[in-house]
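Colleague: Provide a 3D model corresponding to the input given below.
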Amino acid sequence: MTRSTHTQGFDAYSARLNALVDEAQVLMDQLCSISEGQGDAIKSGDIAQVVEIVVNREPVVQSIVRVGEEIGAFIADPSMIDRVDDADRAAALGRISSIEHAMKRLRERDAKDQQLMEEARDGLADQLAGMGTNQNALRAYSNRTGTPNPILQDRQG
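Modeller: Numbering: from 1, shown residues only. Reported below is the predicted structural model:
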């Protein structure tokens, strides 16, 4: 018994949508896995690990954007989405919603990590500013004889 052309058409479009959603899910899982230690690396001050995580994330993020655009175009095109079986369409849209929710959580975690990085940067800037002030204070109270100001060094007094 052969399948009708109508059913085969539905299967092809359903298969394409499912393949796109599968790819998006795999990429999202990879991104979450790569990003797992980001907050800990920031808290510990391991800049090399933070840079490595960011470098490893970038191609995955670009792939997610590409697949997301393909899914968006597929769903927005009535000539394509209408050819997907209702049950397959509902299942795919549910999975897409789940991926979007995971992406939202990841963005929230990234925002917290960004705040941690800014706080670490500000703390380092304060430490560096304090070091300059401390050095000036130490020079002012040191037992050095002579003039600390080089402009006055050529004068005898």
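
Colleague: in this protein, which helix has the most residues?
Modeller: Ranked by residue count and defined by DSSP state H, the top helix of the chain is helix 86-140.

Colleague: just checking, what packs against that helix?
Modeller: Under the contact criterion of 3 or more CB pairs under 8 Å, 6 or more residues apart in numbering; DSSP states H and E, the helices and strands touching helix 86-140 comprise helix 5-35, helix 38-44, helix 47-76. Heads up, the C-betas are built off the backbone N, CA and C, glycines and all.

Colleague: can I get those helices in CSV with mean neighbour count, mean pLDDT and distance to A87?
Modeller: Below are the helices and strands packed on helix 86-140 laid out as CSV (neighbours: other CB atoms under 10 Å; pLDDT from 0 to 100; distance: least, CB to CB, whole Å):
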stretch, mean neighbour count, mean pLDDT, distance to A87
helix 5-35, 16, 86, 9
helix 38-44, 16, 83, 38
helix 47-76, 14, 93, 16
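
Colleague: So which of the ones you listed is nearest K112?
Modeller: Put simply, out of the helices and strands packed on helix 86-140 the one that sits nearest K112 is helix 38-44, at 7.0 Å, with distance taken as CB to CB.
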